[in-house]
Structures are given as structure tokens and as C-alpha cells.
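Undergrad: Sequence and predicted structure below; questions after.
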Number of protein chains: 2
Amino acid sequence: MLSLLSLRTQIDAGTLTPYEAIALSQAAIAEREPEVRALVCCNPDPVVPEHGPLAGIAVGVKDILDTADLPTQMGSPIYADWRPRADAAAVARLKRLGAVPLAKTTTTAFAFLDPTGTRNPRGLGHTPGGSSAGSAAAIAAGMLPLALGTQTGGSVIRPAAYCGVVGLKPSFGLLPTVGMKCFSWTLDTLGLFTAGVADAAHALALMTGRPGLDLPATDPGMPRIGFVLQDFCAPAEPEALAALERVRDAVEAAGARPRDVALPALFAEAFGLHGTIQDFEAAQALDWEYTTHRANLGPLLGAHLDAAQAVTPAAYDASLTVADRARRQLPDLFLEHDFDVILTLSAPGPAPEGYASTGDSRFNRLWTLMGVPCVTVPVGSTASGLPLGVQVIARLGDDARAVMAARLVETLMREAYR
Amino acid sequence: MLSLLSLRTQIDAGTLTPYEAIALSQAAIAEREPEVRALVCCNPDPVVPEHGPLAGIAVGVKDILDTADLPTQMGSPIYADWRPRADAAAVARLKRLGAVPLAKTTTTAFAFLDPTGTRNPRGLGHTPGGSSAGSAAAIAAGMLPLALGTQTGGSVIRPAAYCGVVGLKPSFGLLPTVGMKCFSWTLDTLGLFTAGVADAAHALALMTGRPGLDLPATDPGMPRIGFVLQDFCAPAEPEALAALERVRDAVEAAGARPRDVALPALFAEAFGLHGTIQDFEAAQALDWEYTTHRANLGPLLGAHLDAAQAVTPAAYDASLTVADRARRQLPDLFLEHDFDVILTLSAPGPAPEGYASTGDSRFNRLWTLMGVPCVTVPVGSTASGLPLGVQVIARLGDDARAVMAARLVETLMREAYR
């Protein structure tokens, strides 16, 4: 994979020019894209800034994010050849930092569940996940050092875990969603895909202008860790649970004293209401598409929006009330059980076989609804070689701690698998 | 003015067809628009649905709201001739209800402070206010029965008051902002302009699918009223204060026992931080425009975004924390002082003379930040004939009560001026 920090180190040292760094991505795309199919389109002749903290970094932009220089097609024939006038806020910011938005990456139609044509580079014949399929696959295939995705249910963490890369969904609102095709304004969150945790932390710090989000130069020490299994939803697969156990063993061996945390009933209730909030808002957000292009929405999204028409304002209001209560109570849970971060699964198992489904977001939806920062870290693979991920979660606004703990897990598990 | 409910009553009675109702707007536009200049463009040959609860209602759509059938130019040469692919969610919803988005209404560039060319129909030579200038003026000139606007500071309530029409800014999130050009995602709120309170309530109830927001058929009784003067900001003009006094006299005569409420210091602090939140977000939301078209932004917006680059994440975070605290405390204030609604000024005075300024939003910014429903009601005019408005404010989510109290004020003041 292409490491953002490694490229930047070489550029800063003068051993690589930004132009050469972009050419590395272009060469990798030429080699890998025919097989992986992660990209919707590329800028064939990009302007490469020579300066800026992200000069030389080729970025993949999920195709529900507006780009002024490349089409933005939402994964849907309804937006065939569509050209926005402006860049999404996050894309404009990346350009300011010197990065090159080199390619648009595949997305399920409107970031829902109808699969893309993208293949999982770590397990051809398996889904790369969704909805940010192309962003995850492009990182995994070594084509790009940074890609943007979005998460409304589990669309950053799940594909990142399935493809064996780092996925970072920051706190709600930290990265602007301006210029993103809206599905649910209460839930839509921008996220990053990279080869390693340090790459993601560095990109997030630069994009937000918050240097404190980068990894510290000195060892931050061992975080207090709570393990959560979400016993209110269907159990995970044995190989995923075994991976989480290996992480527990590793952090214990490193001196942590993790505790098991059962989430109070309020969180199970909130988990169950994610869909009510999402669907009530999606019916409004996609009203024009539904009214004028129902037949072209994609079979899963079309049927889902049919059903979403029936969600009542009363059900929506009640769900928002529960979600708000859960968000307010979550920091108390951290205090009460004395932990800084939660570790849980990123997905119920490895990438499912075939391309008919993009997999299951049940280990993601609650955390998206809570708005808290989540990082998935690759922690080895199944017997058949499919990647497995573990998810690190921190309090709202405590993205720095999420990233530090994710870095620790990454380091320990790399040592374990060396 | 054209009353939405009056048109609908005639259509329901069979004495007016939807087509004829739309033709009334077209005729009024032909007569008044050359003088008022409220419209950016009109649909010359609209499809007029025969059915639907808003069939026959011509709607003006502020030109920062996307329309698939009409250009959307953001009040800016940067978006000259721009054609979005989709309708904004609120526009799609109006079409479903049978309404006809007949015209785009003028907006200050990106809904900031650089004036439009629109004139105040109630006082030629005076500003109509901003940023939703065209929507307010089009209602006041009798060209349309319903118009959409947006408020980030005071862009619905202020122009409505200056033009002598009803402006309704509902609770934050009640009307979707999907397809609205973003200025500040924490503050941007969609609103409605109509001839009367009952028109606005009816439109809001239909647009949100919440019949409980319509005015009740029976007298809801006298609300408990608190009068607020915002003594933490510069005082209002004598004629505006006198109008508020007349409203107090009228509600007292009708049996209310209003109380004066001084807002605690927390609200003065929140008021002062509105700009920090707005500007930090605007710098991101308009990053592409600022980076690539700085010279065409408009002089006020350009200079404002220059300064906005310096707002720090720390200042923004601290401001959000104060705003959140104030939002949580506001319901207690209602409880403690035993009132259902706040009455205050809609603006510091009548529409200022000339077209260089769109007026002052200091009686609006706090309430936008609080996310609470606000309605401005015309309550007479100055000695020189300029309209004055009074603002009714309720708790977040209590839009029904705001509308009922606004209706009461409207009724009492109409009687007073009969």
C-alpha cells in the first residue's frame, strides 16, 4: 500500500518530487484498476502543486462528493455525466493543502446498499463492502495513499475492515459534509481511508487545522480500554471474535487492564432506532430522485424508499429524543466504567463471499448515531486470508484519543503478526 | 396580497381552477415585477397540477435553493446560468403537494450581506432587507402567495418585517436544507413567507406532514407571554419599541398578563458567539468559491471571508459549547418565568433608507442559534408608512404554539388598525 506519511517524508527529504509521487499512484492505477474496478474516473492530466503539506498526495474522492474538475455521478444513472460547479468543502480543503484529487471512487447508488462493480483486492470474489467501496479498495490495492468516504450506517468502517485498510470516521461535524449528496443529515459523516493509522491522523489534523489530532511524538501511554460486544444484536462470527480476543491478549500483555462493558438498555434502544431516523430523512433528501426517477434508483434503494414513505414524524421525533438521551449518557458510561476508549468489532465477520451484498453494518450504526469517532484497524486475517478489523471508539470530540489507541492496536498486532 | 388559504378555499369550492390561480400570480408579476425586481427568473410555461392540497399555489424559491427546472444562481456571477440536476428537498415536496415553483427570488450573494437590486414594495427607496429579499418583496407586492427563504442570521424574519409580510422560521431541522447552498450547517434554516399567519401555518403543516402545526379550528386560548428586549445589544428605534408597546397593550386588553423577561448572561454570551460559529463554518462551506473566485464574491462577503480564515477551531469549539448550554437552558427559562412564547422585535426599526445595507439582524441571531421557531407578524407602520413587525418565539419543537400566538397578535393588531 502507499503510505501517505512515507511519501511525505520522501518529499520533505527531497528524494521524491510531488509529481513523482502522483506518478506512483498513476502507475499503480494502470496496473491494478482493471482487476479491482475501484475508480469511476481519473483526472488524466492533473495539476500537481509543488508546495503544501499534502503536496504529492493523490486522493480518491467517493463519487457522492462534488468535484468541480471531475464528474460526480452518485453511483447512479440518474446523475450520468453530472458536473457540479463547485468542489465539496473537503475536496477544496485538500486542494489548498496541496493534495491532488486524482480519481473519483465507486459508491453504491446514493451510498445505500445496491452493490458496486468493485472487487475486494484482498479477496477477489468477495465484496469490498459499501457504500465507500472504491475508496477502501483503492487504498488496499495500493493505488492511492488517501481516499474520502462517507458513513451514514457503516459505510467507512465496514469496507475498510473488509479490505484490510484503516478507516477513520471522525466525530460528527468535524469534517464538513458540504457538497456531499445527503442521505440523512443527522447521520452523514465524512471519513478517511489510508494504509495506516498515522496516515489517517496526519490527514485529519491537516484537513481540520487541528494539529492536536495528529499522533503525538512521544508515547501517550496505555489507554483505559473497555470491550463491548453489543449483545443486543446478532452475534458475530467466530473468526471475528477470535481476532478481538487476540487484540485483548495483546493489550493485556502490553500492560492494559481491559474491562468488559455491557451497554445499558438505552443504547440497544437507540441502536434499533437508527433506521427510523435515517429513513425519515432519506425520504426527504432523495425526494426528487424518488419522485422523478424511481425506476433507476437501484432495486434495494427503491424498495427501501417505498417503505420509508410510511415513517411518521412522531416516530422520527421519538427516535431523535432517544438518540439525544443516549448521546448525553454515553460520556457517563466512559466515566463510570473508567475507560477512555471502546474496542469492538468493525464488522460481524470478514467480507462476505460474492457481490450481491455489501455486508452488514450492525457494529457501526449505533456509533454513527452517537456521532463518536471510530477507527478500524486491520488485525490479521481469517484462515482463508480475508482481512479482519477491530474498531476503536472514543467520546464525541475525543478523536485524538481514538487515533492514539488505534495506533497502539495497530503496532501491537503488527508485532504479533511479524 | 395573495392569500394562500383564500386561493385554496376558492379552488376547493370550485370557483377558481388551479390554472386560474397560477394565472393570478402571473398577471401580478407582469404588473409589479418591473418596479419591485424581486425575481431572478420565472417559469414561462409551468405545468399546473390539478390536484393536491397546494394545487394552484405559485411559489417563489430563493435562488440559493436548487431547482431542476430553473437556473439557480446563488445571487452570484460565480453561478451564472447554473442548472442543478435535482430539486432541493423542500421544492420537491412542494411539487408533490401540487404547488408550482413559478419563480426564483432574489438573494444576496450566497445569502450574505451584499445587497440585491430588489426594492421594498412598501417603501420604494428603502431596502427590502436580506438575504431573502425577493421572497419577502414578492409576497408584499402581491405577486405570490408563498415563498421559500432561508435564515442563518436574520434572513427570513428581517426582510419579512421590513416588507410587512409574515415570515416563519421553523424549528431547526423541521424543514430540510438539502439542496440549499450551505453557509453554516449549524445555523442554516429554511423558512416561509406568506400574506398571513394562517397561510404560513397551513403550508408548514403540509410541507412537514404534521397536521398539528396548522392552526386549530377552535380558539386555543390566551398564551402566557414573556416580553424580551435583549438589553445586551444596542437599543431599538423608538417607533419599533412603540409598536411592541401597542402589542403589549392589545394582549393585555385581551386578557393576557405578560411579564418582562431579562435573559440571563449565558444568552448574551451565546448571542456574541453566533458570528464565530457562522464564520468558521462559512470559511469551509464556501472554500471553493473563496479559493477560485475571491474577486467575484461581492465586497462584503469577500472581506468577511478574509477575516473568517482566522477563526480558530478552539474558538469555534468553545462557541458551540456555550450555544449548546444555552439551548439546554432555554426551556428552563420558559418554565421558570411561566411563559409559552416570547414576544420581541423582529428588527431594530423599519427598513433603512437606501439600498446600500440590508439592515440589522441583532434581534434574530440569538434565536437562529437557539434553533427555536420564530414568526414575524406585521403590526402597523411608522409615521412615514413603513411596516413594523413583532416577533413571536417559542421553544424548540413548539412551532404550533409559536404560530398560534402569532395568529393572536395578528388578529388583535388587525382589529386595532381597522
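TA: That came in fine, so what should we check first?

Undergrad: interface residues of the stretch 251-400 of chain A facing chain B?
TA: A:281, A:284-285, A:287-289, A:291-292, A:312-313, A:317, A:397 (CB under 8 Å from any CB of the partner chain). The C-beta positions use only the backbone N, C-alpha and C, and glycine is treated the same way.

Undergrad: Quick check: strands, which of the residues you listed are part of them?
TA: Among those, the subset assigned to strands under DSSP state E is empty.

Undergrad: Please indicate which of those are buried?
TA: Neighbour-count burial (16 or more other CB atoms under 10 Å in any protein chain shown) is assigned, among these, to A:281, A:284-285, A:287-289, A:397.

Undergrad: Quick one: neighbours of the residue of the stretch 1-150 of chain A found nearest chain B, just the number.
TA: Across the stretch 1-150 of chain A, the shortest distance to chain B (CB to the nearest CB) belongs to A:A92, at 3.7 Å. Neighbours of A:A92 under the rule other CB atoms under 10 Å in any protein chain shown: 27.

Undergrad: wait, it sits on B:W288?
TA: Yes: between A:A92 and B:W288 a contact is recorded at 4.2 Å, counting by CB atoms under 8 Å.

Undergrad: now chain A, which segments are flagged as low pLDDT?
TA: A:417-418 (pLDDT under 70).

Undergrad: Which helix runs longest in it?
TA: helix A:313-336 (DSSP state H).

Undergrad: quick one: A:Q26 and A:L102 touch, right?
TA: Yes: assessed by CB under 8 Å, A:Q26 is found in contact with A:L102 at 7.5 Å.

Undergrad: Against which helices or strands is whichever strand or helix holds A:L408 packed?
TA: Secondary structure from DSSP states H and E places A:L408 in helix A:399-416. Secondary structure elements in contact with helix A:399-416, counted by 3 or more CB pairs under 8 Å, 6 or more residues apart in numbering or on different chains; DSSP states H and E, are strand A:166-169, helix A:197-208, helix A:238-253, strand A:341-345, strand A:374-381, strand A:387-394.

Undergrad: Is it possible to get JSON lines of the ones you listed that adds mean neighbour count and distance to A:Y355?
TA: Below are those laid out as JSON lines (neighbours: other CB atoms under 10 Å in any protein chain shown; distance: least, CB to CB, whole Å):
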{"stretch": "strand A:166-169", "mean neighbour count": "32", "distance to A:Y355": "20"}
{"stretch": "helix A:197-208", "mean neighbour count": "25", "distance to A:Y355": "27"}
{"stretch": "helix A:238-253", "mean neighbour count": "17", "distance to A:Y355": "21"}
{"stretch": "strand A:341-345", "mean neighbour count": "25", "distance to A:Y355": "22"}
{"stretch": "strand A:374-381", "mean neighbour count": "28", "distance to A:Y355": "20"}
{"stretch": "strand A:387-394", "mean neighbour count": "28", "distance to A:Y355": "17"}
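
Undergrad: Just want the angle from the longest helix of chain A to helix B:313-336.
TA: 120 degrees (axes from the mean of the first three to the mean of the last three CA atoms, to 10 degrees).

Undergrad: buried stuff in helix A:313-336?
TA: By 16+ other CB under 10 Å, the buried positions in helix A:313-336 come out as A:316, A:319-320, A:322-323, A:326-327, A:330, A:333-334.

Undergrad: Next: stretch A:48-63.
TA: A:48-49, A:52-63.

Undergrad: circling back to that earlier point, how about the helices and strands packed on helix A:399-416 in TSV, adding distance to B:P176?
TA: Converted to TSV, the helices and strands packed on helix A:399-416 look like this (distance: least, CB to CB, whole Å):
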stretch	distance to B:P176
strand A:166-169	23
helix A:197-208	26
helix A:238-253	37
strand A:341-345	32
strand A:374-381	26
strand A:387-394	29
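
Undergrad: nearest to B:A416, of the ones you listed?
TA: helix A:197-208 (53.9 Å; CB to CB).

Undergrad: who are the neighbours in contact with the residue nearest the centre of chain A?
TA: A centroid search over chain A (CA atoms, centre = their mean) returns A:V156, at 2.0 Å, as the residue closest to the centre. Residues counted as contacts of A:V156 (CB atoms under 8 Å, 6 or more residues apart in numbering or on different chains) are A:132, A:149-150, A:167-169, A:189, A:191-193, A:374, A:376.

Undergrad: Nearest spatial neighbour of it, chain-adjacent residues omitted?
TA: Once flanking residues are discounted, A:V156 sits nearest to A:G191: 3.5 Å by CB to CB, 6 or more residues apart in numbering or on different chains.

Undergrad: mind listing the helices in the stretch 101-250 of chain A by residue range?
TA: Applying DSSP state H, counting those that start in this stretch to the stretch 101-250 of chain A gives helices spanning A:133-140, A:157-163, A:197-208, A:238-253.

Undergrad: quick check: angle from the third one to strand A:387-394?
TA: Using the same axes, to 10 degrees, the interaxial angle of helix A:197-208 with respect to strand A:387-394 works out to 50 degrees.

Undergrad: what residues does stretch A:331-338 touch?
TA: Residues contacting stretch A:331-338 (CB under 8 Å, 6+ apart): A:224, A:226, A:259, A:261, A:263-264, A:340, A:395-396.

Undergrad: Just the C-alphas of that stretch, formatted as CSV.
TA: Provided in CSV are the C-alpha atoms of stretch A:331-338 (Å, rounded to 0.1, in the frame of the first residue of the first chain):
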residue,chain,number,x,y,z
PRO,A,331,-19.8,10.1,28.4
ASP,A,332,-21.1,8.9,31.8
LEU,A,333,-20.6,5.4,30.7
PHE,A,334,-17.0,6.1,30.0
LEU,A,335,-16.6,7.7,33.4
GLU,A,336,-18.5,5.1,35.3
HIS,A,337,-16.6,2.1,33.9
ASP,A,338,-13.3,4.0,33.9
